[in-house]
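Engineer: Provided below for reference: sequence and predicted model.
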Amino acid sequence: RSFDKGKTWLRFDIEVIEQKGGWALDIPGINRSNGFPILVCDNSDSRFRGSVYLNWSDQTNGKDNTDVWFMRSFTYGDTWEQVVKVNDDDSGKHQFLSWMTVDHTTGYIYIVYYDRRASEGLETEVYLAYSTNGGGSFENIKISEKPFVPSEDKFFGDYLNIAAHEGRIVPIWTRMDDGKTSIVTSIIDQYDLPGIEPAETSKKKKR
């Protein structure tokens, strides 16, 4: 890290956590997968401004049970809070290839990932996880319209992505149908997500 626009950097790296099993993941049907660590900083004017967020996936719970993880630091990375599991299932299935962003106008955190919680095979869905309390907890919602089945014979891609600004969330992902890949996106309004209400509505309820 650097506090002077890159002129000077830490003399020694800060070890945050072990990515158990490494970043290369064996996901059936995917010819190459990894648990890319994603690091973002909250630049919003919310109470979490300056927080540092880390997201990754690994197979801590076994090679048949990939999970998505999250950690946060309120001390610019000097110290970190306990690990939080992002995916809210107990299925023992694969959740993988996550990506994270922060809406810097609200401080809300968004993570998109592939999910097989409802499948006994390779059927894959896409989920969005979101947090309005600086990563203290996450809500999960399925955003894909229907599952797809990937094939190891075709290159699937290395990652998905997501952007968010002024309450508009735009994830992007790959799906595969009959061996053919396509790129899919969706425009999501934060107020369409369960638990997030317009400020005026919230004020009326408090009264």
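Structural biologist: Happy to help now that I have it.

Engineer: Under the pLDDT cut-off, which ranges of this protein? List them.
Structural biologist: The model of the chain has pLDDT under 70 over residues 199-207.

Engineer: where along it do the strands fall?
Structural biologist: 24-25, 33-34, 38-41, 52-58, 67-73, 84-85, 95-102, 109-115, 125-131, 139-142, 161-165, 168-177, 180-185, 188-189 (DSSP state E).

Engineer: Could you check how far stretch 93-110 is from the centre of its chain?
Structural biologist: 4 Å (Cα atoms, centre = their mean, to the nearest Å).

Engineer: buried stuff in it?
Structural biologist: Neighbour counts over stretch 93-110 (16 or more other Cβ atoms under 10 Å) mark 93-104, 106-110 as buried. Every C-beta, even on glycine, is put in place using the N, C-alpha and C of the backbone.

Engineer: The spatially most central residue of the chain bridge partners, please.
Structural biologist: Using Cα atoms, centre = their mean, the residue of the chain that lies closest to the mean C-alpha position is Ile111, 2.6 Å off. Here Ile111 sits in beta bridges with Met100, Ala129, going by DSSP bridges.

Engineer: Touching, it and Ala129? I think so.
Structural biologist: Yes. Using Cβ atoms under 8 Å, Ile111 is in contact with Ala129, at 4.4 Å.

Engineer: Touching both of these two, which residues are there?
Structural biologist: Taking Cβ atoms under 8 Å, 6 or more residues apart in numbering as the contact rule, Ile111 and Ala129 both touch 68, 86, 138.
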